[in-house]
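*Asks:* got a structure for you, letters missing:
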């Protein structure tokens, strides 16, 4: 590397950015068009292990794989690494289960304009979690670099700030222009979960609306679990291949989980359940109440369908669907 | 007797800073309200971009989350975070509108932690999110904050997003894109810019009902004065009607 300014940043690098190590893994990954359907419980048992580095699709409270987060907590995974890339409710559920002990941070603890999670904040202030600072673009660039199979991507953000100082990024001088660049090391998660609108049994996936970083995340991940609102036939995938954003060979498991993002929102399907998210934040102020909330909504639920049933069931989903589609703006609909 | 509250004032003043036909990277809350207010008043062709991927949505209501479906409702594109950020990096996004827990005299922003020891924070906050990226890569950063001593501080506990860093030409020296940086600080009491040489914050306009002393006594560092200081035009009846009736009828933001 040319004329390194030898800035030694202080953050730990939790994953190996070596592209040949990654290639070795991807070389061994199956390319067969097998059926990959299984229950979410099975998928988490098979592919999410204690100590693994985990990343999740979605952004904020949108298309967040909540069903998978709850299953990970139910199965009691520990000592995981986690990519806090615009993470909100997902981060808070995993923090409540004390699932991770190291985090790459872009956005954590908060639930955007709704406020912050006392439980997630307490866990982060406990000193039990190793941290490394990044920004949303930096983590997106780290997934992009991994998807490209290169060890880093140079960017022009972060320079001059403590965010950079407490990251594991490095600086280099551009060999063409002599500009100073921040280097974002490739991030290959051991396992990721992405919630999509439609998938076939092989794992070809369609996402409607913004992709956020999920196209790159799918490609960067060693193992990938898909939860999908609906299964569709492979013929339908082939009838309009331009709609496929994740091809089957990236995918290890396909789990049909209707409303799998609830209580976060799913574009064109259902809006976030603001009442439930408010309750989630409120109940954390009292440890006993929070423990019983967790028991009622996660530990005592066999699956996501049971969780939704306990929180209003299909009637609530209908209301959230009306809100998403703004039917309530057309006429006086259900109380939303 | 003023007929508007602090949030309404800040949103209306911020909206006036946004040029027609320009592009703005924004989040939820007051910055989003300011961008919408601009679209409905002086800048109908202001293009809103959300870091999650939405480009030029026609927002049916204020979004709750930076990625919720409202952020790409009838948009020209539902893209990706990488797409928005590379557009900023390429120099096609004019404004970033940001807030933070602490802001210093050079417009650096802290949204990461409070306390003296990073590893043992008194309060851990969410972190950068997209604010470092927007503040690094957009041409002009506009900061919105309530004027308080605990917010406008001499030394940040943590520099999350870059302002003019240590002032002078330190920002350009750092490698951040040339000619980018903080442009305005909009508080309930005043509008500030940055003195061109030192890049130190200075008062350019005082909001109705306040004096320079009020502003200074609610700021930990010493503020400079522009050669000529204006009085901020208060929100007009038309601006307030648009904000209250069309943009935030549920008082989600202006009711705070």
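*Replies:* Sure, I can see it. For clarity, every value in this text was computed on a predicted model and none was experimentally measured. Residues are numbered from 1 along each chain as shown, chains lettered A, B, ... in the order given.
*Asks:* For the most centrally placed residue in chain A, give its distance to chain B.
*Replies:* Nearest to the mean C-alpha position of chain A, by CA atoms, centre = their mean, lies residue A:56 at 1.5 Å. Per CB to the nearest CB, to the nearest Å, residue A:56 is found 13 Å from chain B. For the C-beta atoms, the positions are set from N, CA and C on the backbone; glycine is no exception.
*Asks:* which residues touch residue B:115?
*Replies:* When contacts are counted by CB atoms under 8 Å, 6 or more residues apart in numbering or on different chains, residue B:115 touches B:121-123, B:157.
*Asks:* Mark which of those are buried, thanks.
*Replies:* Applying 16 or more other CB atoms under 10 Å in any protein chain shown to the contacts of residue B:115, the neighbour count classes B:121, B:157 as buried.
*Asks:* For the contacts of residue B:115, give me JSON lines that also has secondary structure and pLDDT.
*Replies:* Formatted as JSON lines, those follow (DSSP: H, G, I helix; E, B strand; the rest coil; pLDDT from 0 to 100):
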{"residue": "B:121", "secondary structure": "coil", "pLDDT": "95"}
{"residue": "B:122", "secondary structure": "coil", "pLDDT": "95"}
{"residue": "B:123", "secondary structure": "strand", "pLDDT": "95"}
{"residue": "B:157", "secondary structure": "coil", "pLDDT": "98"}
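*Asks:* and which of the contacts of residue B:115 is nearest residue A:259?
*Replies:* Checking the contacts of residue B:115 against residue A:259 with CB to CB, the nearest one is residue B:123 at 34.8 Å.
*Asks:* May I have the beta-bridge partners of the closest one?
*Replies:* residue B:114 (DSSP bridges).
*Asks:* I'd assumed residue A:191 was in contact with the residue nearest to the centre of chain A.
*Replies:* No - when contacts are counted by CB atoms under 8 Å, residue A:56 is not listed as touching residue A:191 (9.9 Å).
*Asks:* Quick one: residues contacting residue B:151.
*Replies:* With CB under 8 Å, 6+ apart, residue B:151 has these contacts: B:101-103, B:145.
*Asks:* swap that for residue A:48, please
*Replies:* Applying CB under 8 Å, 6+ apart, the residues near residue A:48 are A:54, A:72, A:75, A:77, A:80, A:191, A:225.
*Asks:* Which strand residues bridge the fifth one?
*Replies:* Spelled out, that is residue A:80. Going by DSSP bridges, residue A:80 forms beta bridges with residue A:100.
*Asks:* and it, how many residues sit next to it?
*Replies:* Using other CB atoms under 10 Å in any protein chain shown, residue A:80 is surrounded by 23 other residues.
*Asks:* and what of the first one?
*Replies:* Around residue A:54 there are 25 other residues, counting by other CB under 10 Å.
*Asks:* quick one on the thing from earlier: can you tell me which of the contacts of residue B:115 is closest to chain A?
*Replies:* residue B:121 (6.2 Å; CB to the nearest CB).
*Asks:* Looking at the host helix or strand of residue A:143 now, give me its mean pLDDT.
*Replies:* Taking DSSP states H and E as the criterion, residue A:143 maps to helix A:136-148. In this model, helix A:136-148 has an average pLDDT of 98.
*Asks:* Please name the residues that touch the residue nearest to residue A:77 when sequence neighbours are not counted.
*Replies:* Among residues not flanking residue A:77 along the chain, residue A:99 sits closest, at 5.2 Å (CB to CB, 6 or more residues apart in numbering or on different chains). Contact partners of residue A:99, counting by CB under 8 Å, 6+ apart, are A:54, A:72-73, A:77-78, A:80, A:82.
*Asks:* mind listing which of these are in strands?
*Replies:* A:54, A:80, A:82 (DSSP state E).
*Asks:* Tell me who's in contact with the second one.
*Replies:* Residues near residue A:80 by CB under 8 Å, 6+ apart: A:48, A:50-54, A:94, A:99-102.
*Asks:* where does residue 254 fall, phi/psi-wise?
*Replies:* Using chain A. Dihedral pair for residue A:254: phi -120, psi 120, per degrees, to the nearest 10.
*Asks:* close enough to count as contact, residue B:131 and residue B:159?
*Replies:* No - Residue B:131 sits out of contact with residue B:159 when judged by CB under 8 Å, with a separation of 11.2 Å.
*Asks:* so what's the closest residue to residue A:84 other than its chain neighbours up against?
*Replies:* Leaving aside its sequence neighbours, residue A:84 sits nearest to residue A:108 (CB to CB, 6+ apart; 4.3 Å). Taking CB under 8 Å, 6+ apart, we find residue A:108 in contact with A:84, A:87, A:91, A:120, A:124, B:126-127.
*Asks:* go with 6 Å
*Replies:* By CB atoms under 6 Å, 6 or more residues apart in numbering or on different chains, the contact list for residue A:108 reads A:84, A:87, A:91, B:126-127.
*Asks:* can you count the residues close to the closest residue to chain A within chain B?
*Replies:* Closest approach between chain B and chain A, counting by CB to the nearest CB: residue B:175, at 2.7 Å. Residues near residue B:175, counting by other CB under 10 Å, number 22.
*Asks:* coming back round to it: closest to residue A:156 out of the contacts of residue A:108?
*Replies:* Nearest member of these to residue A:156, counting by CB to CB, is residue B:127, at 19.4 Å.
*Asks:* can I assume that closest one is in contact with residue A:107?
*Replies:* Yes - at 5.5 Å, residue B:127 and residue A:107 qualify as touching, with contact defined as CB atoms under 6 Å.
*Asks:* The residue nearest to the centre of chain A contacts residue A:194, correct?
*Replies:* No - counting by CB under 6 Å, residue A:56 does not reach residue A:194; the two are 7.5 Å apart.
*Asks:* Need phi/psi at residue B:190.
*Replies:* phi -160, psi 170.
*Asks:* what does chain B have sitting close to chain A?
*Replies:* By CB under 6 Å from any CB of the partner chain, the residues of chain B that approach chain A are B:28-29, B:51-53, B:65-69, B:72, B:78, B:80-82, B:85, B:89, B:124, B:126-130, B:132-133, B:136, B:158-160, B:162, B:165, B:174-177.
*Asks:* How about the contacts made by the residue nearest to residue A:111 when sequence neighbours are not counted?
*Replies:* Of all residues not flanking residue A:111 in the chain, residue A:88 sits nearest, at 5.1 Å (CB to CB, 6+ apart). Residues near residue A:88 by CB under 6 Å, 6+ apart: A:60-61, A:111.
*Asks:* Swap in 10 Å and give it another go.
*Replies:* Residue A:88 is in contact with A:58-62, A:64, A:107-112, A:114, A:116-117, A:120, A:264, A:277, B:65-67, B:126, counting by CB atoms under 10 Å, 6 or more residues apart in numbering or on different chains.
*Asks:* Tell me how far stretch A:42-58 lies from the chain's centre.
*Replies:* Taking CA atoms, centre = their mean, to the nearest Å, one finds stretch A:42-58 lying 11 Å from the centre of the chain it belongs to.
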